[in-house]
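1. following is a predicted model, sequence given first.
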Amino acid sequence: MERRIYEAAIEGSVVYLFQLLQEDALLLDRLMVGCYVETPLHIASMLGHLDFVQEILTRKPELAGELDSRKSSPLHLAAAKGYIDIVKTLISVNPETCFVRDRDGRNPLHIAAIKGHVSVLKELLRVRPDAARILTDRGETILHLCVRYNQLEALKFLVETLDDPDFVSCKDHYGNTILHIAVADKQVEAIKFLSTSTRIEVNALNEYGLTALDFNCTQSYRDFKDWEIKELLIGGSNAKDIKCNCRVELVGSNLTSHKNKTIHQHLQGNNLENVQEKEGDWLDKKRSVLMVVASLIATVAFQAGLNPPGGVRQETGYSVLYDSHRVIYILFLAYNTTGFVSSLSIILLLISGLPIRRKCFVWILMVVMWVAVTAMAFTYLTSITVLTDSWEANLVGLLVMLVWLVLMGILLLVHSIRLGKLFMEWRTKARIMSM
């Protein structure tokens, strides 16, 4: 019987629910006294079956306060999915569920803020505004969660609705304000809002004695966002007598210390690790791809060099192509050797143990890879020219070669423009640094 009511909840069938209750009038009571992972009300709230939710609450309103295995109420699930009508129905029956905290110490308002459901937040704040001031197990406010999960609209709504400067400047267990978290995640729009539209304390210190500007100073300034963030922090409405306890010139040595590594890791947080793509991951992926492709090209070029088109003469071991089409054979050999040597050069550099950890070195390797791939393309076209004695086939080969050259030209142009932009950004950063 219990299995059947869960099926009814999944389908959202009120008719099926009526049939089950006619067969067993105490079915909902049995669910409340039993030990289940979740109730049918949890399922219906999560799937958005409003009529089913209303019918169950009409017959057994106590189910609104039941918790699942993660200590989440039906209101948690409805708030997470943004089902505003179900949220209104649940809080009309039991508004105190706004204060219920799940296994992670988050109440339904926290969940709605994390998901960015502003309409749900409006309704929950209307019923129980004090629930927005409850802290999570990590000492985070609902504003911390908005910033950590990059929900700018929810942050703006809560700041304007709560209208409490002290609450905006609250710190978590590690002493970080929402401005610390926003700077750590390079959320430029959030920083712009906090620095211009709120009275948050810019000089607030975390438990490591760092301000938000201090953490910005420990960045490498390779990203133009870092410079924009610095200008926002210094030029914001709350930047009076702003303090910076570190110097950009000392970034290299500061980041090597265990203390600053710990600071950096904490400020990023477990939930921010997937937001920022680390440069080391990018380099490792590129190195792996280059190694695989270079090995494949080297293998193909080696086989083509030992067994050229047309084969070799059994009695002498010399290439048949060399005797019949000497010029074409020389071109074939030149292209094939270029691809072979280029791929071997990439493999040698990657396994040499040299500290190739900068993007510029990887870009150089990628250019060499372009040369290798282009050389193999010309090797293939040269081989086709020999193996087909038709002018139509040669014309197709020529057209393909022209298309390839155009493609390589476009790639070269795009990367030239990109390098030009990077150079202009570098000049802009240098000018700002000198100011």
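-> Cool, got the structure.

2. so where is the stretch 301-435 of the chain shaky, pLDDT-wise?
-> 317, 353-360, 389-394, 422, 425-426, 428-435 (pLDDT under 70).

3. show me where it has its helices.
-> For the stretch 301-435 of the chain, applying DSSP state H, counting those that start in this stretch gives helices covering 320-324, 326-351, 359-387, 391-434.

4. go on, the stretch 51-200 of the chain?
-> For the stretch 51-200 of the chain, helices defined by DSSP H, counting those that start in this stretch occupy the ranges 74-81, 84-93, 108-115, 118-127, 142-148, 152-162, 165-168, 178-184, 188-197.

5. out of those helices, which is closest to residue 409?
-> Of all the helices of the stretch 51-200 of the chain, helix 188-197 sits nearest to residue 409, with 35.3 Å by C-beta to C-beta. Placement of C-beta: from N, CA and C, glycine included.

6. tell me which residues of the closest one are tucked away?
-> 188, 190-195 (16 or more other C-beta atoms under 10 Å).

7. what of stretch 123-143?
-> In stretch 123-143, counting by 16+ other C-beta under 10 Å, buried: 123-125, 128, 131-132, 134-136, 138, 140-143.

8. distance of the residue nearest to residue 16 when sequence neighbours are not counted from residue 113?
-> The shortest distance from residue 16 to any non-neighbouring residue, by C-beta to C-beta, 6 or more residues apart in numbering, is to residue 8 (4.0 Å). Using C-beta to C-beta, to the nearest Å, one gets 32 Å for the distance from residue 8 to residue 113.

9. next: residue 130.
-> In terms of C-beta to C-beta, residue 130 sits 15 Å off from residue 113.

10. let me see the contact set for the residue nearest to residue 53 when sequence neighbours are not counted.
-> When the adjacent residues along the chain are set aside, residue 53 lies closest to residue 44, with 4.9 Å between them (C-beta to C-beta, 6+ apart). For residue 44, the contacting residues are 9, 12, 52-53, 56, 74, by C-beta atoms under 8 Å, 6 or more residues apart in numbering.

11. on that earlier part again, which of the buried residues of helix 188-197 sits closest to residue 334?
-> The closest of the buried residues of helix 188-197, once distances to residue 334 are taken by C-beta to C-beta, is residue 188, at 51.1 Å.

12. you'd agree the closest one is up against residue 230?
-> No. Contact criterion C-beta atoms under 8 Å: residue 188 and residue 230 do not qualify, at 11.0 Å.

13. what's the burial count for residue 156?
-> 18 (other C-beta atoms under 10 Å).

14. could you report the pLDDT at it?
-> The model reports residue 156 with a pLDDT of 94.

15. does it touch residue 193 like I think?
-> Yes. Between residue 156 and residue 193 there is a contact at 6.2 Å, judged by C-beta under 8 Å.

16. ok, back up a step: what is the most widely separated pair among the buried residues of stretch 123-143?
-> 123 and 138 (25.8 Å).

17. would you confirm that the residue nearest to residue 16 contacts residue 23?
-> No. Judged on C-beta under 8 Å, residue 8 makes no contact with residue 23 at a distance of 11.9 Å.

18. give me the more crowded residue out of the two.
-> residue 8 (24 against 10).

19. tell me the contacts of the more buried one?
-> Taking C-beta under 8 Å, 6+ apart, we find residue 8 in contact with 16-17, 20, 40, 52.

20. turn the residues you listed into TSV, columns for distance to residue 339.
-> Shown next, in TSV, are these (distance: C-beta to C-beta, whole Å):
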residue	distance to residue 339
16	68
17	70
20	72
40	65
52	66
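
21. SS state for the residue nearest to residue 53?
-> helix (DSSP: H, G, I helix; E, B strand; the rest coil).

22. quick revisit: widest-spaced pair of the contacts of residue 44?
-> Using C-beta to C-beta, the contacts of residue 44 span at most 14.0 Å, a distance reached by 12 and 74.

23. of those two, give the one with the bigger neighbour count.
-> Higher neighbour count among residue 12 and residue 74: residue 74, with 33 against 17, using other C-beta under 10 Å.

24. what's the spacing between the residue of the chain positioned farthest from its centre and residue 324?
-> Most distant residue from the mean C-alpha position of the chain: residue 315, 62.6 Å away (C-alpha atoms, centre = their mean). As judged by C-beta to C-beta, residue 315 and residue 324 stand 16 Å apart.

25. again with residue 101
-> 84 Å.

26. ok, the two, which is more surrounded?
-> residue 101 (19 against 11).

27. would you mind measuring from that one to residue 84?
-> Here the criterion is C-beta to C-beta. By it, residue 101 lies 22 Å from residue 84.

28. residue 20 now?
-> Going from residue 20 to residue 84 by C-beta to C-beta gives 28 Å.

29. who's more crowded, those two?
-> Between residue 20 and residue 84, counting by other C-beta under 10 Å, residue 20 is the more crowded of the two (20 against 16).

30. tell me the spacing between the residue nearest to that one when sequence neighbours are not counted and residue 401.
-> Spatial nearest neighbour of residue 20, chain neighbours left out: residue 5 (5.3 Å); criterion: C-beta to C-beta, 6+ apart. Counting by C-beta to C-beta, the gap from residue 5 to residue 401 is 70 Å.

31. these two: who's more crowded?
-> For the pair residue 5 and residue 401, the greater number of neighbours falls to residue 5 (22 against 16), based on other C-beta under 10 Å.

32. burial of residue 234, as a residue count?
-> 14.

33. now do the buried residues in the helix or strand that contains it.
-> Element membership for residue 234 (DSSP states H and E) is helix 224-235. Within helix 224-235, the residues that qualify as buried by neighbour count (16+ other C-beta under 10 Å) are 226-227, 229-230, 232-233.

34. got it, and stretch 339-354?
-> The neighbour-count check on stretch 339-354 (16+ other C-beta under 10 Å) flags 339-340, 342-347, 349-350 as buried.

35. who touches that stretch?
-> Outside of stretch 339-354, the residues within contact range by C-beta under 8 Å, 6+ apart are 287, 290-291, 293-295, 297-298, 301-302, 305, 356, 365, 368-369, 371-373, 375-376, 379.

36. ok so, going back, what helices or strands is the helix holding residue 234 leaning on?
-> Counting contacts by 3 or more C-beta pairs under 8 Å, 6 or more residues apart in numbering; DSSP states H and E, helix 224-235 packs against helix 188-197, helix 212-217, helix 391-434.
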